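J.: mind looking at a prediction? Sequence and model below.
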Amino acid sequence: MKTEITELLGIEYPIIQGGMAWVAEYHLAAAVSEAGGLGIIGTASAPADWVIDQINKTKELTDKPFGINIMLMSPYADEVAEAAVKGGVKVVTTGAGNPEKYMKMWKEAGIKVIPVVASVALAKRMKRCGADAVIAEGMESGGHIGETTTMALVPQVVDAVNIPVIAAGGIADGRGIAAAFMLGAKAVQMGTRFVASKEAQVHQNYKNCVIKAKDIDTRVTGRSVGHPVRTLRNQLTKEYLSLEANGATFEELEKLTLGGLRRAVVDGDVKTGSLMAGQIAGLVKAELSCKEIIEKLMGETEALLKGAKDCE
Ligand code: TUI
């Protein structure tokens, strides 16, 4: 399936895997790229040597394009931004901030730069400083989120910039992908659906929580400290939200979430771990391989888009 994004990135299908902290390591990234999407290594708060190692391991598993996501709140963001160049990655996505200061370096290295934006203002700014595309991510997403929904954000970003827009947040099947195309997106980014994939090196307890989740099972913590994060509800979110309601300080709240992703992903501690997932978790019913996910979803999408054409 050809779109401006598949052409830009040299991939088969317009599906990009989210650069999820702790979850998006090389096995997952390579599996998504091998299946024809764009796999992404989520560098989160890791140092450059870990990132270089992950890039090398991904290259051992696939010859296809893949990218890395740089989490701009990371204390290692500067060295990881340089590691993208040294490691010869083709695509960089960014999250949780404004990547402007790295743009010149990445463009000179021939890297395709695709920032995640949560507003029209940042999308316009990214376009002006040379972004190749933007990912418009709605607040349905898991992890660190903005304020606006995918349905409202995507068409407004599409109208504001003349570079391709990738839709993210609340997409996990062919209906979501087809809807994103109707809003003007040229590809989608999905995270939650790939958390529950066979290749994700995520503790089975966490995957089972995604598979069992219902529509109303996510919570947003951290609004009071300016870092809203969406996760599946559990003991951690209950305690956090109650502390937040009682005016706890940043330090008190941090104590609860410190190491929370590791507890979820590595230890399978689904009570006190941070089970990042989007609102669409309720739609994820089974653990499939990345190839099965991509082929199933593209089949659904093509059928829906053909149906829409036949009605014209
Ligand atoms: O970055 C994400 N999602 C993430 S990052 C992350 S790591 C983390 N771990 C624990 C606590 C907090 C974070 C987990 N999930 N998504 C991309 C994204 N970027 N969503 C929203 C934004 C965003 C928001 C505001 C990007 C830019 C922005 O404004 C920047 C500016 O300067 O205007």
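T.: Nice, thanks for sending it over. Numbers count the residues shown, from 1 in each chain.

J.: going by C-alpha atoms from here, please, whenever you check contacts or count neighbours.
T.: Noted.

J.: list the contacts of Pro14.
T.: By Cα atoms under 8 Å, 6 or more residues apart in numbering, the contact set of Pro14 is Met1, Lys2, Thr3, Ile5, Thr6, Gly37, Lys186, Ala187, Val188.

J.: please redo it, this time with the cut-off set to 7 Å
T.: Under the criterion of Cα atoms under 7 Å, 6 or more residues apart in numbering, the contact partners of Pro14 comprise Thr3, Ile5, Thr6, Gly37, Ala187, Val188.

J.: those residues: which two are farthest apart?
T.: Taking Cα to Cα, the two most distant members of these are Thr3 and Gly37; they sit 12.5 Å apart.

J.: tell me which of these two has more neighbours.
T.: For the pair Thr3 and Gly37, the greater number of neighbours falls to Gly37 (28 against 15), based on other Cα atoms under 10 Å.

J.: tell me the contacts of that one?
T.: The contact partners of Gly37, taken as Cα under 7 Å, 6+ apart, are Ile11, Glu12, Tyr13, Pro14, Ile15, Ile16.

J.: now with 8 Å?
T.: Under the criterion of Cα under 8 Å, 6+ apart, the contact partners of Gly37 comprise Ile11, Glu12, Tyr13, Pro14, Ile15, Ile16, Gln17, Ile294.

J.: in strands only, show me those.
T.: Here DSSP state E is the test, and those give Ile15, Ile16, Gln17 as lying in strands.

J.: now render the contacts of Pro14 as a markdown table, adding distance to the ligand.
T.: Formatted as a markdown table, the entries for these read as follows, by distance: Cα to the nearest ligand atom, whole Å:
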| residue | distance to the ligand |
| --- | --- |
| Thr3 | 23 |
| Ile5 | 19 |
| Thr6 | 21 |
| Gly37 | 19 |
| Ala187 | 16 |
| Val188 | 14 |
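
J.: nearest to Glu108, of the residues you listed?
T.: For Glu108, the nearest member of these is Ile5. The distance, counting by Cα to Cα, is 20.4 Å.

J.: I'd say the closest one and Lys186 touch.
T.: Yes: Ile5 is in contact with Lys186 according to Cα atoms under 8 Å; the separation is 6.0 Å.

J.: what touches both of these two?
T.: Common neighbours of Ile5 and Lys186, counting by Cα under 8 Å, 6+ apart, are Pro14, Pro164.

J.: got the residues of this structure near the ligand?
T.: Within the chain, the positions near the ligand by Cα under 6 Å from any ligand atom are 21, 44, 71, 95-98, 116-118, 122, 143-146.

J.: what subset of those is buried?
T.: Among those, those buried by neighbour count (16 or more other Cα atoms under 10 Å) are 21, 44, 71, 95-96, 98, 116-118, 122, 143-146.

J.: for Gly42, see how far away Val89 is.
T.: Separation of Val89 from Gly42 (Cα to Cα, to the nearest Å): 13 Å.

J.: these two - which one has more neighbours?
T.: Residue environment comparison for Val89 versus Gly42 gives the larger neighbour count to Gly42, 28 against 21, counting by other Cα under 10 Å.

J.: which residues touch that one?
T.: Contacts for Gly42 (Cα under 8 Å, 6+ apart) come out as Gly18, Gly19, Met20, Ala21, Trp22, Val23, Ala24, Glu25, Ile68, Asn69, Ile70, Met71.

J.: can you report how many residues lie near the first one?
T.: What that stands for is Gly18. The criterion is other Cα under 10 Å. On that basis, Gly18 has 28 neighbouring residues.

J.: mind listing what's buried along stretch 76-92?
T.: Neighbour counts using 16+ other Cα under 10 Å place Tyr76, Ala77, Val80, Ala81, Ala83, Ala84, Val85, Gly87, Val89, Lys90, Val91, Val92 of stretch 76-92 among the buried residues.

J.: let's have those in TSV, adding secondary structure.
T.: Rendered in TSV, the data for the buried residues of stretch 76-92 read as follows (DSSP: H, G, I helix; E, B strand; the rest coil):
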residue	secondary structure
Tyr76	coil
Ala77	helix
Val80	helix
Ala81	helix
Ala83	helix
Ala84	helix
Val85	helix
Gly87	coil
Val89	coil
Lys90	coil
Val91	strand
Val92	strand
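
J.: and those residues, which is closest to Lys271?
T.: For those, the closest approach to Lys271 (Cα to Cα) belongs to Tyr76, at 29.0 Å.
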